[in-house]
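# Below is the sequence, then the predicted model.
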Amino acid sequence: MEPRKILKSGEFLVSDIESKDIFIPEEMNEEQLMIAQTCQDFLNTEVYPNADKVDKQDRELMKQILKKSGDLGLMGISIPEEYNGFGQSFVSQMLAAEIIGAGYSFSVAFMAHCGIGTLPILYYGTEEQRQKYVTKLATGELLGAYCLTEPGAGSDANAGKTNARLSEDGKHYILNGQKMWITNAGFADIQTVFAKIDNDRVLSAFIVERDFPGVVVSPDEHKMGIKGSSTAQIFYNDVKVPVENLLGKRGEGFRIALSILHMGRLKLGANVIGASKKAINDSVKYANERKQFGLLISTFGAIKYKLAEQVIRTYAAEAATYRVSKDVDDLIDKYKTEGCDRGRATIDGISHYAVEAALLKVYGSEVLNYVIDEAVQIHGGMGYSAEMAVEKGYRDSRINRIFEGTNEINRLLIADTAMKRAMKGDFDLFGQAEKVYNSLQSLGNGKINELSYFDEKKHYIHNFKKLILIAMHGASKKFDKQLVQEQEVMNNISDIMAETYVAESLALRVQKVEGMKGEAASSLYRDILNVFVYDAASKIRKAALDAVYAFAEPQEAVVLAKAIETMTTVAGVNVKAARRRIADKLIEDNSYKF
Ligand SMILES: Cc1cc2nc3c(=O)[nH]c(=O)nc-3n(C[C@H](O)[C@H](O)[C@H](O)COP(=O)(O)OP(=O)(O)OC[C@H]3O[C@@H](n4cnc5c(N)ncnc54)[C@H](O)[C@@H]3O)c2cc1C
């Protein structure tokens, strides 16, 4: 068999892949499905029955549930066997993250522990540090937290004032400072704390035990949502941290923080899919029970529209999420075969896909916000009642646009990181962009009617890619090094990139599904794809025009606007009928089975 073609991060802008090159959720194996089932069973038996109780800020109960998940082995999914874990693939980790993502506050506490609370030590720790801490974090014997944010250092994470200085005897760092918004602060035994040594410009990282004298945890914050997840400030008052608890090298903290955030963003991309599916299930069940005007509300076109749109966006985001996940796995394997040790291969593999990590984070969290917002709407007045799961889901979903880097920061990163990677020589973005820009007058749609169904969709997506290149080239020409300051334009470009990447992932997924199930059994997936690409084209047209009018001189703008018109023209779709068919399947199944 021909090897799978793997693209570098951001390379999708200039290279296409085929459906055989993409991993899709339908290809999960038995073991992966078993992991998913175990996570689901845990939610059903331990998390949902206690969801209201933990939301009354019962820290002790949350701690017990976390410990139980550790006893069952769920905390060890990402951890190699030698540190008491199960060493699962990245795809499996993402699948587990998806299922757990439907677990409200528990999801946040669990993900913080297993991800940002544990992995810095696994990936950057010495063997002694891993044996001492990771072996116990993997089983839940110890619980972890990640302490980066400070009152004056949020998005600007390197601006922290927390300071460390070496003691006179050279045995300890004396840590002083304050962290805020720390997930699991109320009960975490182990904290990865970022601080600057002396007057360093960049951060270092330290492993701090909660019991070290001078560590003071404040009471929990009162939050809008995820109320059951402990979030608090932590103060460090002359805390003596043994020198052997420096994590990584001096000055390596910012790099550690960023690498872990890339991982966190990818996992968040999976979490929000689980939360979206839960919201869809709650929506359709309610719509199938509630009657008004003598009819079930699920029979109304306006409600079908919402149900279908919930499905379309979730299914599309899911395609992108697992596409990236497998790319990460394959890159990790490649690094390992090149001689990298497993920890380094893993974190480098994850960090490489920084463009896609930011993209999944932004796109997925906004899909969830849409899905849960419509879930509340489908419930009408009941959606506003604290008795309903969707009310909790609505409040809990909002944080996803704020943490792991706000969506503003991540949106900027999508386009910026891709351009930086290209400048480094990862792929030829600027040469190709110039070529497309110089052929503006001759851009056309060719003999589109002669293309097969999937080739036609790919043709549209290819056009969207050309528009990204045009926008990048035009904006770079106009703003040069100042482009990064033109955040509105960068956001336009990032939005087009996200729509395009998701559209491509969806098209390849649907094509592969059709190959597996046959055309007759896959017509609904074509409906999903048809509606998605049709809508994406108009979103892209708007974003591209906004960008062009921000950088182009009037005459050039006319030419560019015409090109945008051509490149976003797609065949008409009866979206009403397509959405109805999608909704009807959901309504008939009474749950998300796509
Ligand atoms: C419930 C919760 C749990 C959290 N858990 C943790 C944790 O476990 N560990 C941890 O270290 N942190 C944690 N955080 C902190 C979180 O990561 C930060 O809140 C987040 O990074 C934003 O920082 P900030 O709150 O200071 O907002 P700010 O950085 O002040 O941002 C305010 C607004 O300005 C925008 N903005 C800022 N800079 C720019 C820019 N350059 N360009 C454009 N827009 C910009 C932001 O996007 C935002 O809209 C948590 C936060 C919350 C609310």
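Nice, I can see it.
# What is the burial count for residue 116?
Around residue 116 there are 25 other residues, counting by other C-beta atoms under 10 Å. Backbone N, C-alpha and C define where each C-beta goes, glycine included.
# Quick one: neighbours of residue 349, just the number.
The burial count for residue 349: 22, using other C-beta under 10 Å.
# Was I right to think it contacts residue 337?
No: the criterion here is C-beta atoms under 8 Å, and residue 349 misses it with residue 337 at 11.9 Å.
# How about the contacts made by the nearest residue to residue 126 once chain neighbours are set aside?
Leaving out its chain neighbours, the residue that sits closest to residue 126 by C-beta to C-beta, 6 or more residues apart in numbering is residue 244, at 7.8 Å. Residue 244 is in contact with 126, 128, 129, counting by C-beta atoms under 8 Å, 6 or more residues apart in numbering.
# Of these, grab the buried ones for PyMOL.
Buried residues within those, as defined by 16 or more other C-beta atoms under 10 Å, are selected in PyMOL through the command that follows:
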select buried, resi 129
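# Narrow the contacts of residue 244 to those in helices?
128, 129 (DSSP state H).
# In the stretch 251-400 of the chain, what residue comes closest to the ligand?
The nearest approach of the stretch 251-400 of the chain to the ligand comes at residue 399, 5.1 Å away (C-beta to the nearest ligand atom).
# Revised request: answer the last question for the chain.
Ranked by C-beta to the nearest ligand atom, the top residue of the chain for proximity to the ligand is residue 154, at 1.6 Å.
# Now do that residue: how many residues are near it, please.
Counted with other C-beta under 10 Å, residue 154 comes out at 18.
# same question, residue 174
Neighbours of residue 174 using other C-beta under 10 Å come to 17.
# For it, which three-state class applies?
Classification of residue 174 using DSSP: H, G, I helix; E, B strand; the rest coil returns strand.
# does it really touch residue 239, like I thought?
Yes: counting by C-beta under 8 Å, residue 239 is a contact partner of residue 174 at 7.1 Å.
# re earlier: now the contacts of residue 244 in CSV, with pLDDT and distance to the ligand?
Shown next, in CSV, are the contacts of residue 244 (pLDDT from 0 to 100; distance: C-beta to the nearest ligand atom, whole Å):
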residue, pLDDT, distance to the ligand
126, 96, 23
128, 98, 25
129, 98, 20
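# would you list the contacts of residue 244 in a markdown table and tack on distance to residue 523?
Shown next, in a markdown table, are these (distance: C-beta to C-beta, whole Å):
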| residue | distance to residue 523 |
| --- | --- |
| 126 | 56 |
| 128 | 58 |
| 129 | 54 |
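# And the contacts of residue 244, which is closest to residue 95?
The nearest member of those to residue 95, counting by C-beta to C-beta, is residue 129 at 28.7 Å.
# Now the closest one. Nearest residue, chain neighbours left out?
residue 121 (5.7 Å).
# so who does that neighbour touch?
Counting by C-beta under 8 Å, 6+ apart, residue 121 touches 129, 130, 133, 134, 137, 144, 190, 192, 207, 247.
# Not counting sequence-adjacent ones, nearest residue to the second one?
Translated: residue 130. That would be residue 83: by C-beta to C-beta, 6+ apart, it lies 5.7 Å from residue 130.
# Thought residue 122 was touching that neighbour, still the case?
Yes: counting by C-beta under 8 Å, residue 122 is a contact partner of residue 83 at 6.9 Å.
# can you tell me which residues contact the closest residue to residue 25 other than its chain neighbours?
The shortest distance from residue 25 to any non-neighbouring residue, by C-beta to C-beta, 6+ apart, is to residue 322 (5.1 Å). Shown in contact with residue 322 (C-beta under 8 Å, 6+ apart): 23, 24, 25, 91, 94.
# Give me the phi and psi for residue 187.
For residue 187, the backbone dihedrals (degrees, to the nearest 10) come out as phi -140, psi 0.
# doesn't residue 62 make contact with it?
Yes: the pair residue 187 / residue 62 is scored as a contact, 7.5 Å apart, by C-beta under 8 Å.
# Can you work out which residues contact both of these two?
residue 230.
# Of those two, which one has the most company?
Comparing residue 187 with residue 62 by other C-beta under 10 Å, the one with more neighbours is residue 62, at 26 against 20.
# hang on, the earlier thing: kindly indicate whether the residue nearest to residue 25 is helix, strand or coil.
helix.
# can you check residue 191 too?
Relying on three-state DSSP, one would call residue 191 strand.
# For it, which residues are in contact?
Taking C-beta under 8 Å, 6+ apart, we find residue 191 in contact with 144, 145, 146, 147, 182, 207, 208, 209, 210, 215, 234.
# now do residue 557
The neighbourhood of residue 557, defined by C-beta under 8 Å, 6+ apart, consists of 548, 549.
# Backbone torsions only: list them for it.
phi -60, psi -40.
# mind giving me TSV with the contacts of residue 191 and columns for neighbour count and pLDDT?
Listed next are the contacts of residue 191 as TSV, based on neighbours: other C-beta atoms under 10 Å; pLDDT from 0 to 100:
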residue	neighbour count	pLDDT
144	28	98
145	29	98
146	28	98
147	29	98
182	25	98
207	22	98
208	26	98
209	16	98
210	17	98
215	18	98
234	23	98
